[in-house]
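Colleague: Fold the following.
(4 chains)
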2 protein chains.
Amino acid sequence: MSSYSPAETAEKSGFSIDTLRYYEKIGLLSRIARNASGRRVFSDDDLQWLGMLRCLRETGMPIAEMLRYSELARGGSGTVRERVELLEAHDRRVEERIARLRDQQKQIQWKIDLYRGSVCDGTPG
Amino acid sequence: MSSYSPAETAEKSGFSIDTLRYYEKIGLLSRIARNASGRRVFSDDDLQWLGMLRCLRETGMPIAEMLRYSELARGGSGTVRERVELLEAHDRRVEERIARLRDQQKQIQWKIDLYRGSVCDGTPG
DNA sequence: GCTTGACCTGGAGCGGACTCCAGGTGGAAC
DNA sequence: GTTCCACCTGGAGTCCGCTCCAGGTCAAGC
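Modeller: Coordinates of the predicted model:
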């Protein structure tokens, strides 16, 4: 099996059918095959690409930048350097994001401890 | 010094003046003092509360849930248990978020390495 | 040969979280 | 006494990323 209906693709990719159509419309997916009656037929390659999109999206990359990445990807091997730069920049942002989340998590835990203290010894806060 | 103008508060809290007004309007800030001519005067307590709001907001808590937390905080010491539960639930979500980001970051780095390989040995991808 | 159901299209609508605007006020500086 | 500036208000507008809708097509099952 190497071709998938919109419904299967939605299920496997984690994007809704509407989102898949939307992504195709704005240019995040290109050249999605169609069968004789005009319906989309997704390939394993499409699924892999969708996996990448999902990863970028969920790590907070805006659609506009994903669009740039898609265009580069369509641009062939001459764009590999730029693609690497884009992904490296994103990687650094993710790194910072994680570090920040860790700090903020500490702040939340500190607050929880503070509340726990106030439960036990009656001090306000 | 223990009272701050809207502009100072914006600068110190990291929220815009408009956002501060918006937060007061929807009930995330309560009883913000006013001077004789009706202007807001923020206190150190307000700033601390804003710090907490910022932490929750930036770790992805939706406004609706922050509103719930604010209401609990206004509800006095009887709500401490609920506040702890809310923060603990959020803490767990943050933890999951971090773990997921780490995995996704690995995926991005793997992709970068793959591109790097293709730069050096000429294989497509 | 009709119903059903999964799909198609273009375009409108939505939810969240702000952000901006018009029109007005009050105190300080010149 | 007027200019200026930081602020006020209610409400409209914006941006992002989908999500939903109306109206239509096609293949399969009964």
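Colleague: Residue A:26 contacts residue A:64, doesn't it?
Modeller: No: counting by C-beta atoms under 8 Å, residue A:26 does not reach residue A:64; the two are 9.7 Å apart. For the C-beta atoms, the positions are set from N, CA and C on the backbone; glycine is no exception.
Colleague: Those two: who's more crowded?
Modeller: residue A:26 (13 against 8; other C-beta atoms under 10 Å in any protein chain shown).
Colleague: give me every residue that touches the more buried one.
Modeller: Taking C-beta atoms under 8 Å, 6 or more residues apart in numbering or on different chains, we find residue A:26 in contact with A:63, A:67.
Colleague: residues in chain A within reach of DNA strand D, list them.
Modeller: A:16, A:18, A:19, A:21, A:22, A:36, A:37, A:38, A:57, A:62, A:63, A:64 (C-beta under 7 Å from any atom of the strand).
Colleague: okay, those residues in TSV with pLDDT, secondary structure and distance to residue A:51 next?
Modeller: Formatted as TSV, those follow (pLDDT from 0 to 100; DSSP: H, G, I helix; E, B strand; the rest coil; distance: C-beta to C-beta, whole Å):
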residue	pLDDT	secondary structure	distance to residue A:51
A:16	98	coil	16
A:18	98	helix	19
A:19	98	helix	14
A:21	98	helix	18
A:22	98	helix	17
A:36	95	coil	28
A:37	94	coil	27
A:38	96	coil	26
A:57	98	helix	11
A:62	98	coil	19
A:63	98	helix	17
A:64	98	helix	20
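Colleague: What subset of the residues you listed is buried?
Modeller: Among those, those buried by neighbour count (16 or more other C-beta atoms under 10 Å in any protein chain shown) are A:19, A:57.
Colleague: biggest separation within the residues of chain A next to DNA strand D, which pair?
Modeller: Farthest-apart pair in these is A:36 and A:62; separation 36.9 Å (C-beta to C-beta).
Colleague: elements contacting the helix or strand bottoming out on mean pLDDT in chain A?
Modeller: Ranked by mean pLDDT, DSSP states H and E, the weakest helix or strand in chain A is helix A:80-121, scoring a mean of 93. With contacts defined as 3 or more C-beta pairs under 8 Å, 6 or more residues apart in numbering or on different chains; DSSP states H and E, the packing partners of helix A:80-121 are helix A:63-74, helix B:44-58, helix B:80-121.
Colleague: Check the gap between the residue in chain A positioned nearest to DNA strand D and DNA strand C for me.
Modeller: Distance from DNA strand D to each residue of chain A (C-beta to the nearest atom of the strand) is smallest for residue A:63, at 3.2 Å. Distance, residue A:63 to DNA strand C, by C-beta to the nearest atom of the strand, to the nearest Å: 12 Å.
Colleague: Just list the residues touching the residue nearest to the spatial centre of chain A, thanks.
Modeller: With distances taken as C-alpha atoms, centre = their mean, residue A:57 lies nearest the centre of chain A, 2.2 Å away. Residue A:57 makes contact with A:63, A:66 under the criterion C-beta under 8 Å, 6+ apart.
Colleague: One more pass at 7 Å, please.
Modeller: residue A:66 (C-beta atoms under 7 Å, 6 or more residues apart in numbering or on different chains).
Colleague: buried residues in stretch A:27-47?
Modeller: By neighbour count on 16+ other C-beta under 10 Å, the buried set for stretch A:27-47 is A:28, A:29, A:32, A:40, A:42, A:46.
Colleague: swap in stretch A:96-105?
Modeller: For stretch A:96-105, the neighbour count (16+ other C-beta under 10 Å) marks A:97, A:98, A:101, A:104, A:105 as buried.
Colleague: hmm, that stretch touching DNA strand C?
Modeller: No: for stretch A:96-105, no contact with DNA strand C is found by C-beta under 7 Å from any atom of the strand; the gap never falls below 15.0 Å.
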